[in-house]
Structure formats: C-alpha cells, structure tokens
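Colleague: coords below, sequence missing:
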C-alpha cells in the first residue's frame with residue numbers, strides 16, 4: 001500500500017456503554033484521509049483467563065470504573081508507537097501493541113485500550129481501500145466466501161445479567177429451520193414477542209436484563225425451559241424443528257467450594273451432577289446448544305460432558321477465553337466442540353482471528369459474541385460475516401446497542417453474493 005494507509009493520528013476518549021459504565025473509544029486517522037472508530041465492550045460474567053480490562057480504581061469517579069488510565073495509554077504510548085505505521089498490516093500493528101504492553105494478558109495498558117485501537121485501525125484501512133468492513137475482514141482471515149451467521153437470541157435471562165433472578169444466565173432461541181437471515185430474524189422476533197405474551201399470561205415480570213432478555217425470575221431451570229417451548233409454540237413454530245433452545249449456564253459464576261450452587265432451587269451439584277442435569281435437559285427439551293456448563297478449569301468434566309452429549313453443541317466461553325493455547329488444549333482432550341469468540345477476551349483483532357483459525361483447524365464450530373456491556377459499535381456483525389463464523393450471539397432484539405449490530409447484518413445481507421450459513425447439522 002502507499003503512504004495513504006500510514007497512521008497519521010490516534011485519539012482515545014472515555015465514552016459510556018449500555019450499562020452506563022465508562023469504556024474506551026478510539027479514532028485512527030490515516031495520511032490519505034481515511035478514518036476508523038471503534039469502542040471496547042465489557043462483560044459482567046467474565047472469566048479469569050480473559051485479557052485484562054484496565055479500570056482507574058478511583059471511587060470518586062464512576063465508582064472506580066473510570067477508564068482514563070486506558071485512555072491515557074492510547075493517547076501517549078500507543079500513539080507514539082503506531083505513528084507512521086502501515087494500517088494495512090494488521091498483524092504488525094497488533095504485535096507492536098502487545099510488545100509495548102509486555103504482558104500476556106495486556107495487564108499494563110489494558111485490553112480496553114489495545115482492542116479499540118486494533119479495531120479502529122482495521123476500519124480505517126478498510127475505508128482507505130474502499131472495501132466493506134466484512135470484505136476486508138474476510139481478506140485478513142483468508143476467507144474467500146463470507147456468509148451470514150445464524151442468530152442465537154436471548155429470550156429469558158438470569159445470572160449476572162439479571163441480578164441472579166434465575167440461576168442460569170440465558171435461555172436463547174436458535175432459528176434452526178430458517179433458510180435465510182431474513183427468515184431467521186423474523187422467527188426470533190416472533191418468539192420474543194410471544195414470550196412477552198406468555199409471561200404476561202402467567203403474571204410474570206417482563207423486566208429487561210442487561211442484554212435485553214426478559215427476566216421472569218423462574219425458580220427452576222425447567223420452568224424457564226417450559227416457557228421457552230410455550231413461546232415457540234405461541235409464535236407458530238415447531239420446537240426442535242423450526243427453532244431450538246440454547247442455554248448459557250455461566251457455571252463458573254455458580255461454582256462455590258467445589259460445587260455448583262443453584263440457589264433458587266436450593267441444590268448443590270457436583271461436576272457429575274451438572275453433566276447429568278445438562279443431559280436430562282437435552283433429553284426433555286429441544287436443547288441444541290449448551291454454553292459454559294462447567295467451571296472454566298474443569299477440563300476433565302468438560303471432556304466427559306462432550307463425550308456423553310453426542311450431537312449437542314457444547315460451547316466453551318470462559319473455558320477458552322478466545323485464547324489459542326486454551327483452544328488447542330480443548331481440541332487435544334476433546335473438551336467442548338464449539339468456541340465462543342469475544343474480541344475483548346483476546347485483546348486484538350489478529351489474536352481473535354488466530355483463535356478462530358485454531359478452532360476451525362481442530363474441527364470446532366465458532367460463535368461470535370457480544371458482551372453484556374455494549375456500545376453502538378457494530379464491528380462484530382462484520383466479523384461474523386467476514387470470518388463465516390456460522391453463528392452470532394448479540395443479545396435480544398431490543399435496545400439500540402443490540403439493534404445496531406442486527407441492522408448492520410441486515411445491510412450486509414443486501415449483498416446477494418453473501419449466503420446464509422445454516423448451523424452445522426451435526427451440532428443441532
């Protein structure tokens with residue numbers, strides 16, 4: 001590339017996410033005039049193997065959640081390091097920032113400083129080359145056939161996303177019978193509207209959780225599963241054929257003194273008990289996917305679950321933390337068969353693409369995911385399409401920070417050369 005793609009300036013600011021908490025937004029300008037902007041999301045139920053999110057810790061400003069330290073890191077050290085560098089060389093840009101930080105988990109500068117810079121560089125370079133972002137990401141990932149992902153959409157929420165009103169974190173609908181992205185969206189909207197009606201019929205709360213899911217406060221897991229089935233049927237869909245259930249257990253948040261505590265049910269489960277519960281839920285309900293069913297370091301339990309749950313999509317989130325080495329271990333010992341992909345768990349775009357490539361080499365499926373604390377940045381929509389991830393978890397079809405991403409997928413879907421990636425049949 002010419003000097004037009006060399007970085008002219010990098011600027012960060014403190015902005016606010018969907019929970020009203022500070023986060024970092026970065027703008028990168030290139031010498032040719034192209035500009036890219038991106039922001040960092042933030043999780044509520046976070047694994048201990050994720051890249052580090054740097055907060056100020058000053059209780060007098062945003063109860064310690066300020067990000068001025070990360071902003072300063074971008075506007076000083078990162079700016080000096082990237083000045084004049086070629087934005088079209090994404091791996092070099094990301095490697096420079098990792099080397100500058102000097103720690104494995106970006107503890108010094110913070111992933112919330114490095115990641116938005118990485119994404120803004122990518123956007124600026126795509127703009128400079130007059131390429132849609134999803135096409136440019138496809139180029140970076142070596143993918144010659146971008147595709148639209150199947151949306152997995154929050155309907156009912158608990159756990160850390162809803163002040164633990166339910167033990168498990170999320171119950172999602174997966175439109176497995178859809179044959180286009182438009183049809184998939186219509187189906188999930190129908191289920192979401194039907195769920196409102198079903199909860200109202202039973203006099204249950206219809207308050208919204210962090211990601212826009214409904215928070216009815218079911219005491220038992222099976223109560224929530226029953227509501228999911230009824231919502232599908234009310235929407236005119238056939239459970240298990242047109243639509244299926246995906247569960248995000250977020251088990252690390254339930255793990256206390258070696259046991260999994262389902263506080264609302266007043267039970268404490270061993271690893272074996274939790275595996276048995278997952279298998280029973282699958283036998284009794286149209287469950288096609290289970291995420292974070294066990295603690296993030298219970299490797300032996302994960303292998304046992306995956307071996308026992310033939311045909312079930314077994315998803316590792318906290319288990320893998322979008323980390324190549326942890327994904328390699330999972331592949332080696334048969335722990336899970338699907339990797340949840342979160343940009344801020346890794347800290348750079350290049351590292352995230354490496355994690356997705358590693359998953360694919362091992363025969364694992366991938367799901368690109370948002371976080372509970374999101375902004376209007378729609379980058380993950382383009383990431384899911386550009387990498388042909390197959391599935392995407394954005395949150396419910398409510399609230400503008402979620403809809404920004406769904407709407408970007410709608411725009412991308414106007415490109416008739418981009419097909420719809422039906423979920424892999426062996427994972428249904």
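Modeller: Looks like it arrived, so ask away. Treat the numbers as computed from the prediction; the structure is a model and nothing was measured.
Colleague: How many residues are close by residue 129?
Modeller: Using other C-beta atoms under 10 Å, residue 129 is surrounded by 17 other residues. To be clear about C-beta, it is placed using only N, CA and C from the backbone, and glycine gets the same treatment.
Colleague: whoops, I mixed them up, residue 174
Modeller: Neighbours around residue 174, by other C-beta under 10 Å: 27.
Colleague: Am I right that it is in contact with residue 288?
Modeller: Yes: using C-beta atoms under 8 Å, residue 174 makes contact with residue 288 at a distance of 5.8 Å.
Colleague: Can you classify residue 15 as helix, strand or coil?
Modeller: Recorded secondary structure, residue 15: strand (DSSP: H, G, I helix; E, B strand; the rest coil).
Colleague: Mind listing the residues bridging to it?
Modeller: In this entry, residue 15 is beta-bridged to residue 23, by DSSP bridges.
Colleague: Is it correct that it is in contact with residue 27?
Modeller: No: using C-beta under 8 Å, residue 15 makes no contact with residue 27, being 11.1 Å away.
Colleague: Next, the residue nearest to the spatial centre of the chain: phi, psi?
Modeller: In the chain, the residue lying closest to the centroid (C-alpha atoms, centre = their mean) is residue 369, at 1.7 Å. Residue 369 adopts backbone torsions of phi -130, psi 140, taken as degrees, to the nearest 10.
Colleague: hey, where'd the strands end up in the stretch 1-150 of the chain?
Modeller: Taking DSSP state E, counting those that start in this stretch as the criterion, the stretch 1-150 of the chain carries its strands at 7-16, 22-30, 35-39, 147-148, 150-157.
Colleague: Take those and lay them out in CSV including mean pLDDT and mean neighbour count.
Modeller: Converted to CSV, the strands of the stretch 1-150 of the chain look like this (pLDDT from 0 to 100; neighbours: other C-beta atoms under 10 Å):
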stretch, mean pLDDT, mean neighbour count
strand 7-16, 98, 18
strand 22-30, 98, 24
strand 35-39, 98, 21
strand 147-148, 98, 24
strand 150-157, 96, 29
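Colleague: domains of this structure?
Modeller: Annotated domains of the chain cover 3-130, 141-427 [automatic domain parsing].
Colleague: Contacts only, for residue 19.
Modeller: Residues near residue 19 by C-beta atoms under 8 Å, 6 or more residues apart in numbering: 42, 44, 210, 372, 373.
Colleague: Could you check how far it is from residue 84?
Modeller: The spacing between residue 19 and residue 84, counted by C-beta to C-beta, to the nearest Å, is 37 Å.
Colleague: before we move on, what about residue 374?
Modeller: On the measure of C-beta to C-beta, residue 374 and residue 84 end up 33 Å apart.
Colleague: neighbour count winner among the two?
Modeller: Counted by other C-beta under 10 Å, residue 374 and residue 84 do not tie: residue 374 has more neighbours, with 28 against 10.
Colleague: next one: phi and psi at the more buried one?
Modeller: Torsion angles, degrees, to the nearest 10, at residue 374: phi -120, psi 170.
Colleague: what sits against it?
Modeller: Per C-beta under 8 Å, 6+ apart, neighbours of residue 374: 17, 18, 41, 211, 395, 401, 402.
Colleague: Residue 331 too?
Modeller: Applying C-beta under 8 Å, 6+ apart, the residues near residue 331 are 358, 359, 361, 362, 363, 364.
Colleague: Correct me if wrong: residue 298 contacts residue 272.
Modeller: No: using C-beta under 8 Å, residue 298 is not in contact with residue 272, being 10.7 Å away.
Colleague: Compare the two (neighbour count), which wins?
Modeller: Using other C-beta under 10 Å as the criterion, residue 298 and residue 272 rank with residue 298 on top: 21 against 11.
Colleague: Give me the pLDDT for that one.
Modeller: Here the pLDDT value assigned to residue 298 is 96.
Colleague: Residue 352: which of the strands of the stretch 1-150 of the chain is closest?
Modeller: Taking C-beta to C-beta, strand 35-39 is the member of these nearest to residue 352, at 12.9 Å.
Colleague: angle of that closest one against strand 7-16?
Modeller: Strand 35-39 and strand 7-16 are oriented at 30 degrees to each other (axes from the mean of the first three to the mean of the last three C-alpha atoms, to 10 degrees).
Colleague: Partner strands of strand 35-39 and their direction?
Modeller: strand 22-30 (antiparallel).
Colleague: where do the strands sit along the stretch 251-400 of the chain?
Modeller: 255-256, 259-262, 267-269, 287-291, 313-316, 338-341, 365-369, 390-393.
Colleague: Any chance you could list what contacts the fifth one?
Modeller: The set of residues external to strand 313-316 that reach it, using C-beta under 8 Å, 6+ apart, is 246, 288-293, 302, 305-306, 330, 335-340, 365, 367, 427-428.
Colleague: What subset of those is buried?
Modeller: 246, 288-293, 302, 305-306, 330, 335-340, 365, 367, 427-428 (16 or more other C-beta atoms under 10 Å).
Colleague: Many thanks, I have nothing further to ask.
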